[in-house]
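[1] coords please:
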Amino acid sequence: MISTLVYQLTKDATIDEIKQAGFDTNYTENGKDLYAVNSNGVPYTAAYFAATGDPLADLSEDMAAEEKARAVYENLIDLSDDPDVTGVLLWLRQREIVHFQRFKELYDDYKKMGIGKKKDIR
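    Next comes the predicted model:
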């Protein structure tokens, strides 16, 4: 979604506009397409995903990821002065909130059922 948003904002940009926006280094290697990196330029990698085999631990990590994404969208909303961009970011933020709620519901259900609890080995 973010890549599509950036594409829509840059598809008709001139080279001068690209330079003025500080998008020239990305343009040099990727044209107007995006290369998935974080705000510090660290490339995306699937190594960020972790699984433990314990549903409670894994759902906790999923909930944390949703909260981190929500926080990033809120920061982007703070930086945006374009109502169309802000509208998309608000929708994405709400999606993270709903995802968190669904993961939390499953976490709570699993916990009640005793799923994910380690057996006492004493």
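
[2] alpha carbons only for contacts and neighbour counts from here, please
    Fine.

[3] measure the most centrally placed residue in the chain to residue 88 for me?
    Geometric centre of the chain, nearest residue: residue 69, 4.2 Å, by Cα atoms, centre = their mean. According to Cα to Cα, to the nearest Å, residue 69 stands 14 Å off from residue 88.

[4] State the distance from residue 68 to residue 100.
    Distance, residue 68 to residue 100, by Cα to Cα: 10 Å.

[5] neighbour-wise, which of these two wins?
    Taking neighbours as other Cα atoms under 10 Å, residue 68 and residue 100 compare with residue 100 leading, 21 against 13.

[6] Looking at this protein, which helix is longest?
    If you go by DSSP state H, the chain has its longest helix at helix 83-113.

[7] circling back: ok, now which ones touch the residue nearest to the centre of the chain?
    Residue 69 makes contact with 93, 96, according to Cα atoms under 8 Å, 6 or more residues apart in numbering.

[8] helices and strands of this protein: which one bottoms out on pLDDT?
    Least confident helix or strand of the chain, by mean pLDDT, DSSP states H and E, is helix 2-10 with a mean of 83.

[9] Need the contact partners of that helix.
    With contact meaning Cα under 8 Å, 6+ apart, helix 2-10 is reached by 18, 32-34, 85.

[10] Looking at those, which are in helices?
    Filtering the contacts of helix 2-10 for helices - DSSP H - leaves 18, 85.

[11] Let me see the contact set for residue 100.
    62-63, 66-67.
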